[in-house]
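Peer 1: sequence unavailable; structure follows:
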């Protein structure tokens with residue numbers, strides 16, 4: 001099945017005039033935006049050459065415009081395909097160009113093939129779990145490529161931050177937790193997650209009770225289906241990884257039933 005095209009809102013005439021005026025005044029953000037309008041034909045006649053010129057104007061101040069230029073050179077949009085130029089533009093884009101540059105490195109286009117270098121580039125550019133650079137890294141790790149010790153440390157740190165966000169979401173959407181009354185108090189349930197090496201689904205245990213068995217059970221139950229899309233990188237020779245998260249539950253401001261407010265700093269054992 002073909003992928004659905006992303007819907008882009010049509011720019012209004014009034015907004016288009018504002019962007020054009022700011023672009024002519026030298027605003028790089030508006031130059032970049034106007035370039036996307038010309039490239040897509042949004043509110044104006046499609047004109048790839050004009051789009052490229054605007055990206056070039058914006059790029060020295062707005063590095064993400066280099067991503068547009070890299071894509072155009074890579075795909076041969078209104079010019080012959082030039083992978084060497086694409087690599088150069090993606091490099092100039094910094095973090096924003098990492099996925100595009102890494103893709104060319106993987107394929108050996110525009111320069112030497114360097115799959116390991118692409119993997120390192122993706123992780124170095126990753127800012128949060130599941131972002132585009134992280135996703136680009138997944139198939140390379142699945143092929144058995146390895147990270148050095150320093151990058152393993154970053155991988156696990158980002159992975160842990162991602163785990164906490166997913167845990168918060170699972171607790172937030174728990175119907176059972178929403179029905180409980182916290183009696184005007186704040187409660188802390190310490191939960192232990194145990195991952196086996198290579199596993200993406202943990203076993204969840206109560207590490208320390210908050211003093212209310214009903215709240216303990218509700219928290220652990222809310223998390224029993226939690227699954228990560230990527231494994232934690234357990235050190236060689238270690239079969240499991242334990243992660244303890246203190247879950248803080250507090251009453252809502254309106255005095256009604258409780259809600260999950262936040263996590264305290266989690267500790268890794």
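Peer 2: Looks like it arrived, so ask away. From a predicted model like this one, the values you see are computed outputs, not experimental measurements.
Peer 1: which other helices and strands contact the one helix or strand residue 104 maps to?
Peer 2: Assessed by DSSP states H and E, residue 104 sits inside helix 98-107. Under the contact criterion of 3 or more CB pairs under 8 Å, 6 or more residues apart in numbering; DSSP states H and E, helix 98-107 touches helix 64-75, helix 83-93, helix 115-125, helix 132-142. For glycine as for every other residue, the C-beta is placed from the backbone atoms N, C-alpha and C.
Peer 1: now the last one: how far from the chain's centre is it?
Peer 2: In terms of CA atoms, centre = their mean, to the nearest Å, the centre of helix 132-142 is found 11 Å from the chain centre.
Peer 1: now the angle between helix 115-125 and that helix, please.
Peer 2: 140 degrees (axes from the mean of the first three to the mean of the last three CA atoms, to 10 degrees).
Peer 1: in helix 132-142, what's buried?
Peer 2: By neighbour count with 16 or more other CB atoms under 10 Å, helix 132-142 contains the buried residues 133, 134, 136, 137, 140, 141.
Peer 1: how about those in a markdown table, adding pLDDT and distance to residue 49?
Peer 2: Below are the buried residues of helix 132-142 laid out as a markdown table (pLDDT from 0 to 100; distance: CB to CB, whole Å):
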| residue | pLDDT | distance to residue 49 |
| --- | --- | --- |
| 133 | 98 | 30 |
| 134 | 98 | 35 |
| 136 | 98 | 30 |
| 137 | 97 | 35 |
| 140 | 98 | 36 |
| 141 | 96 | 40 |
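Peer 1: which one of those residues sits closest to residue 18?
Peer 2: Using CB to CB, residue 133 comes nearest to residue 18 of these, at 32.8 Å.
Peer 1: my guess is the closest one contacts residue 123, does it?
Peer 2: Yes. The pair residue 133 / residue 123 is scored as a contact, 7.3 Å apart, by CB atoms under 8 Å.
Peer 1: state the distance from residue 191 to residue 166.
Peer 2: Applying CB to CB, to the nearest Å, the value for residue 191 to residue 166 is 13 Å.
Peer 1: who has more neighbours out of the two?
Peer 2: Set residue 191 next to residue 166 and count neighbours by other CB atoms under 10 Å: residue 191 wins out with 24 against 17.
Peer 1: name the helix or strand for residue 17, please.
Peer 2: Using DSSP H and E, residue 17 sits in helix 13-24.
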